[in-house]
Each structure stands twice: as C-alpha cells, then as structure tokens.
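In: Got a sequence here, can you model it:
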Amino acid sequence: MTSNPFGRVLTAMVTPMSPGGDLDLAGVDAVVEHLLGTGHDGIVVNGTTGESPTLSDDESIETVRRVKDRAGDRAPVTAGVGSNDTAHAVEMAGRAAEAGADALLLVSPYYNKPTQPGLVAHCRAVADATDLPVMLYDIPGRTGVPFATETLIALAEHPNIRAVKDAKGDLHASSSVMAATDLLWFSGEDALNLPLLAIGATGVVSVVGHAAGKQYRAIVEAVDRGDLTEARRIHRALIPLVDAVMKPSQGAIMAKAALVELGVIEHATVRLPLVESPAAHLEALRTALATL
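Out: Numbers count the residues shown, from 1 in each chain. Here you go, the predicted model:
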C-alpha cells in the first residue's frame, strides 16, 4: 500500500486574525492544539479556508512556520502554495519547504484557464521545485479548471505528486483515477466525505472538521472496519452542521464563527471581500453545534 505522508483526518485550517485584521499568532497556536486534540492527524494551512487570497506571501510563510513549530512531530503540515502564476507557485513551494512544511497543496491555476497540457506543465514545475510530496487540489467551482481524468493519470507518474484533494463532485471520475493510479485520495467536500471514503478515499481535508474532528475520525475508522451502518449514522448526524458551516455564506467565515462559539479563538475576523456572519447564520450554527 502506498505510504501516506499527509495524515487521514485533516482540516483546512482557518487563519486567525485580530479585530484589526492582523495575524493572530496566539490564535494560530490555539487552533493547532484544538485540531490535534480532536482527532486530526494532519493540518492544511494557506488553503481557501485559510483565506490564502488575502494573505501576503510573508504572512503565508509565517503561518506555515508557526503551525509547524506548534505541531512539531505530532502531525504533518501541508502548505498551500497555489497560484495562477507558475513562477510564483514555484517560489512559494521553495519558501514553504524552508519554513518546515511536510507537504504541499497545489490548486489548479484560476482565472486564466490553462489547457490540460498547461495544467500538467504547471503541476510538474511546482512538483520539481522541492522534494516534498504534493497533493493536487481539484475544485473547478472556484478555479474554472477541472483536472481531467487523463491529466490526473499523467500527473500520477511524477514521483512527488502523491495525492488529490477532490472537490469536483464526480464520483465516477474519482473512481476511475483511483483505479488507474496509486494516488492517495482525499475528500475536499464535507457533504461527500462518506461517499468518497466508501469508494476508496484515504481520508478527508475538511472545513467542518474545525468543529467535528472526532466525528470525522470516527467515520474514517468505521469505514476501515466495514461498519457502514455506523458511518452512515454519524454522517447523517452531521448534516445540520455541514449545512450551517457550508451553505449560508462561505466556509472560512462560518468555521471561524464556530471556533469562537467553541471558545478556541476570540475573534471571527475575516478580511475583505469576506465579511462576518449575520445573526441568522450564527443562530443556525449554534443550533447545529448543540446537536454534537
């Protein structure tokens, strides 16, 4: 079986901020401890939920360094280095490696819509930049560019490209790539965590996991032992929380709000163009958290 350098229950961690919008490094420490204490064995930083579009390069690297310093050898840290400028992504890959990242997360280039051959060349260039394992991030709803099945099969030949975070929502395509490659597969869509695990995914890279890490750990373990009845029970119990975090506005907004409700961080500050949750969204979130 292919070794796994990422972990199995991962959350795409928020980036805590002070009311003025500065990085809250004490909050970063608190979130790391919270995640590691609630069933996680890996952390992703500087993903979409980490508000990577509004972090400066220096802030991104400072966050990687801080999370790795706090996590130590308790869990691997995967750093988002995606960009729609290949040279920039290559630079950030090198800087993340120097800051202590254990692995890299690489989203497909957004807005400029490369062809599939361009996507292959982009990913190979970034994968060549370090010796770290790379997890590709397939989320065409945000990028406009899906990884075609043939593209993922071709990229699986690169020794550093080891995994896919799948937020495409095409279970047949996912099965096809898993059948044709040794790529580790991670659900990147909380509503589909159980279906993807059931067809062979290795684990999850969650947003709802900020509040439900123990439950996702339990689902992974239930699927491992073939207890789909228990996995379905937990999956269905989490529907109100998945809805409350992912449906009203945006995952980063609601995940921060959830961490405030749980007493992990003090402020739910997000950077424009994101804005904090209105009262109605917070009430639905509190009701869903109470079901846990």
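
In: Can you show me the strands along the stretch 51-200 of the chain?
Out: Counting by DSSP state E, counting those that start in this stretch, the stretch 51-200 of the chain has strands at residues 77-80, 103-107, 134-138, 161-166, 184-187.

In: just checking, what packs against the second one?
Out: Helices and strands touching strand 103-107, by 3 or more Cβ pairs under 8 Å, 6 or more residues apart in numbering; DSSP states H and E, are strand 77-80, helix 86-98, helix 116-128, strand 134-138. (Glycine included, C-beta is placed from N, CA and C.)

In: what pairs with it, and is each one parallel or antiparallel?
Out: strand 77-80 (parallel), strand 134-138 (parallel) (DSSP bridges).

In: now that strand: mean pLDDT?
Out: The pLDDT scores in strand 103-107 average 98.

In: Check the offset of it from the chain's centre.
Out: Distance, stretch centre to chain centre, for strand 103-107: 10 Å (Cα atoms, centre = their mean, to the nearest Å).

In: That one to helix 116-128, inter-axis angle?
Out: 160 degrees (axes from the mean of the first three to the mean of the last three Cα atoms, to 10 degrees).

In: What strand or helix carries Leu282?
Out: Assigned by DSSP states H and E, Leu282 belongs to helix 279-290.

In: Return the mean pLDDT over that helix, rounded to an integer.
Out: pLDDT averaged over helix 279-290 gives 96.

In: Give the other helices and strands that it contacts.
Out: Counting by 3+ Cβ pairs under 8 Å, 6+ apart, helix 279-290 packs on helix 239-246, helix 251-261.

In: how far off helix 279-290 does the longest one point, in degrees?
Out: Translated: helix 251-261. Using the same axes, to 10 degrees: helix 251-261 against helix 279-290 is 60 degrees.

In: One more: the shortest one?
Out: Counting by the same axes, to 10 degrees, helix 239-246 lies at 140 degrees to helix 279-290.

In: what's the span of stretch 10-30 from first residue to last?
Out: 16 Å (Cα to Cα, to the nearest Å).

In: For that stretch, give the mean pLDDT please.
Out: Per-residue scores along stretch 10-30 average to 97.

In: Assign Val223 to helix, strand or coil.
Out: Each residue gets one of three states, and Val223 gets helix by DSSP: H, G, I helix; E, B strand; the rest coil.

In: Kindly state the pLDDT recorded for it?
Out: So, for Val223, pLDDT stands at 98.

In: Read off the pLDDT value for the nearest residue to it once chain neighbours are set aside.
Out: Spatial nearest neighbour of Val223, excluding adjacent residues (Cβ to Cβ, 6 or more residues apart in numbering): Leu197 at 4.6 Å. On pLDDT, Leu197 comes in at 98.

In: which ones are touching Leu197?
Out: Taking Cβ atoms under 8 Å, 6 or more residues apart in numbering, we find Leu197 in contact with 187, 203-204, 219-220, 223, 231.

In: Ser52: which of the helices and strands packed on strand 103-107 is closest?
Out: strand 77-80 (5.4 Å; Cβ to Cβ).

In: Run the chain-centre distance for the closest one.
Out: 9 Å.

In: Kindly format the C-alpha coordinates of that strand as PDB.
Out: Provided in PDB are the C-alpha atoms of strand 77-80 (Å, rounded to 0.1, in the frame of the first residue of the first chain):
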ATOM      1  CA  VAL A  77       1.700  20.100   7.900                       C
ATOM      2  CA  THR A  78       0.600  20.600   4.300                       C
ATOM      3  CA  ALA A  79       1.100  24.100   2.900                       C
ATOM      4  CA  GLY A  80      -1.000  25.600   0.200                       C
END
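
In: what's around Tyr110, how many residues?
Out: Neighbour count of Tyr110, defined by other Cβ atoms under 10 Å: 17.

In: so it makes contact with Arg142?
Out: Yes - Tyr110 lies in contact with Arg142 (Cβ atoms under 8 Å); the separation is 6.6 Å.

In: returning to that earlier point: go through the strands paired with strand 103-107 and name the closest to Gly213.
Out: strand 77-80 (15.8 Å).

In: do you know how far the nearest residue to Ala103 once chain neighbours are set aside is from Pro133?
Out: Here the nearest residue to Ala103 in space, its sequence neighbours aside, is Thr78; by Cβ to Cβ, 6+ apart that works out to 4.2 Å. Distance, Thr78 to Pro133, by Cβ to Cβ, to the nearest Å: 9 Å.

In: Alright, that wraps it up for me.
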